[in-house]
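# Here is my input, please return the structure:
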Amino acid sequence: MADQRTGPAPRNRSETVYWTLRNEITDGVLRPNAPLVEDEIAVRLGVSRTPVRESLHRLAADGLIDSHRRRWLVHEHTRDEIVQIYEVRAGLESHAARLAALRATDPQRAEIEGWRRRMTDTDPTVLSERANTNDLFHDAISGAGGNPRLLAEIRANRLFHFNRRIAALYSDADLDTSSRQHAELITVVCAGDADRAADIAREHVEFSLQLILRKLF
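Next comes the predicted model:
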């Protein structure tokens, strides 16, 4: 089954391979400039080379891998590329949070509230786990907006985002800020405050971008 954080249930082997590799890249498991060898991937995932080849071409179209001297390498995003990705995210996730505040059902609000403990803990030991659950939390909010196309765009734009590599950069103060923003986002979405939900979602994305730029470049 494909990772529910970023993609739909796979329809075939090519889809499974694509989402497996995509998640490994965006999660930081496959690091920038890491080589991707068709035969090795096929053996590791238990498939033929055909779905691997198809998946690699899709990943190249996404801008996640590059062809270099007849080899596939994981793409290393430039500063400008990361800024552009996060600027798009800020717009998409801000509007999604606004819609969630306006449209969320009672069960959806209960689900969002259920994330509070995990997403507001300021103990540094939570960072590794948060890297695994962060997308699920934000998808719960974006999905509550009732616009599947918007949610699909948000997922498709996760080309560079919070993952294990980024989590390692967080200081105690950074974690405190992120957790506080999560707490307020949960509160305002569940309270139906659309304007504040949009603002805090945008501020959260912008905070993440500034942290990345400060610590990676």
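# What residues sit buried inside the helix or strand bottoming out on mean pLDDT in the chain?
Sorting the helices and strands of the chain by mean pLDDT, DSSP states H and E puts helix 164-167 at the bottom, at a mean of 88. Using 16 or more other CB atoms under 10 Å as the test for burial, helix 164-167 gives 165-167. Every residue, glycine included, has its C-beta placed from N, CA and C.
# Report all helices and strands that the longest helix anywhere in the chain contacts.
Criterion DSSP state H: the longest helix present in the chain is helix 79-103. For helix 79-103, the packing partners by 3 or more CB pairs under 8 Å, 6 or more residues apart in numbering; DSSP states H and E come out as helix 127-143, helix 148-156, helix 172-191, helix 194-216.
# Which elements pack onto the longest one?
Read that as helix 194-216. So helix 194-216, by 3+ CB pairs under 8 Å, 6+ apart, packs with helix 79-103, helix 172-191.
# Identify whichever of the ones you listed lies nearest to T122.
Checking these against T122 by CB to CB gives helix 172-191 as the closest, at 5.0 Å.
# If I take the closest one and helix 194-216, what angle do their directions form?
160 degrees (axes from the mean of the first three to the mean of the last three CA atoms, to 10 degrees).
# Tell me which other helices or strands helix 172-191 touches.
Right, helix 172-191 is packed against helix 79-103, helix 106-113, helix 116-120, helix 127-143, helix 194-216 by 3+ CB pairs under 8 Å, 6+ apart.
# outside of that helix, which residues touch it?
For helix 172-191, contacts defined as CB atoms under 8 Å, 6 or more residues apart in numbering pick out 97, 100-101, 104, 109, 112-113, 115-116, 119-122, 124, 126-127, 137, 141, 144, 170, 196-197, 200-201, 203-204, 207-208, 211.
# How about stretch 73-82?
The contact list for stretch 73-82 (CB under 8 Å, 6+ apart) reads 25, 30-36, 63-67, 85, 159-160, 209, 212-213, 217.
# let's go with 6 Å and repeat that
25, 30, 32-35, 64-66, 160, 217 (CB atoms under 6 Å, 6 or more residues apart in numbering).
# and it, how far apart are its ends?
Terminal residues of stretch 73-82 are spaced 18 Å apart (CA to CA, to the nearest Å).
# Closest one to E93 out of the buried residues of helix 164-167, please.
Nearest to E93 among those, with distances taken as CB to CB, is I166, at 16.3 Å.
# any idea how far that closest one is from V52?
27 Å (CB to CB, to the nearest Å).
# now the helices and strands packed on helix 194-216 in TSV, with mean pLDDT and distance to L73?
Formatted as TSV, those follow (pLDDT from 0 to 100; distance: least, CB to CB, whole Å):
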stretch	mean pLDDT	distance to L73
helix 79-103	97	15
helix 172-191	98	30
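# Turn those into TSV, columns for distance to I154 and mean neighbour count.
Compiled in TSV, the helices and strands packed on helix 194-216 are given as follows (distance: least, CB to CB, whole Å; neighbours: other CB atoms under 10 Å):
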stretch	distance to I154	mean neighbour count
helix 79-103	5	19
helix 172-191	15	18
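# Would you tell me which of those helices gets closest to L150?
helix 79-103 (5.5 Å).
# For T26, give me its contacts.
Contact analysis of T26 by CB under 6 Å, 6+ apart lists R158.
# Just give me the neighbour total for the closest residue to I25 other than its chain neighbours.
Once flanking residues are discounted, I25 sits nearest to L64: 5.2 Å by CB to CB, 6 or more residues apart in numbering. Residues lying near L64 (other CB atoms under 10 Å) number 20.
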